[in-house]
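Asks: Predicted model, plus sequence, below.
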Amino acid sequence: MKTIRQLREERGWTQLELANRLGVTPSTIYNWERGRFEPRASQLRQLAQAFAVKMDDIELVPEEPGKARGGSLAQRGNASRARAAAYEH
């Protein structure tokens, strides 16, 4: 799996170019790449199409050291559901 930034840089695209392809702002791309926000499912689909990869092949891990988030969107969703279920009991 590769991060949004890795996929973008492999193609030689700027944040502005990727933003234009997806119809979002460059600051949105910046925030996704740093893990401040995550793309919605529809945006993740657009990213996968733009990069010609599967959605599960996009790693949503911030590249900033010290951040402990990890895994794909699907993996993180499962972890969130597990935590929620643990609180219900």
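Replies: Structure received.
Asks: What is the neighbour count of Met9?
Replies: No Met there; residue 9 is Glu. 13 (other C-beta atoms under 10 Å). Heads up, the C-betas are built off the backbone N, CA and C, glycines and all.
Asks: ok, now the one 10 residues further on?
Replies: Neighbouring residues of Ala19 were enumerated by other C-beta under 10 Å; the total is 17.
Asks: Repeat that for Met55.
Replies: The number of residues packed near Met55 is 16, by other C-beta under 10 Å.
Asks: Just give the nearest non-adjacent residue to it, would you?
Replies: In this structure, Met55 finds its nearest non-sequential neighbour in Ala48, 4.5 Å apart by C-beta to C-beta, 6 or more residues apart in numbering.
Asks: Verify the contact between that neighbour and Pro39 for me.
Replies: No. Using C-beta atoms under 8 Å, Ala48 is not in contact with Pro39, being 10.0 Å away.
Asks: Have a look at these two and say which one is more surrounded.
Replies: More crowded of Ala48 and Pro39, by other C-beta under 10 Å: Pro39, with 22 against 17.
Asks: pLDDT wise, what is that one at?
Replies: Pro39 is assigned 97 on the pLDDT scale.
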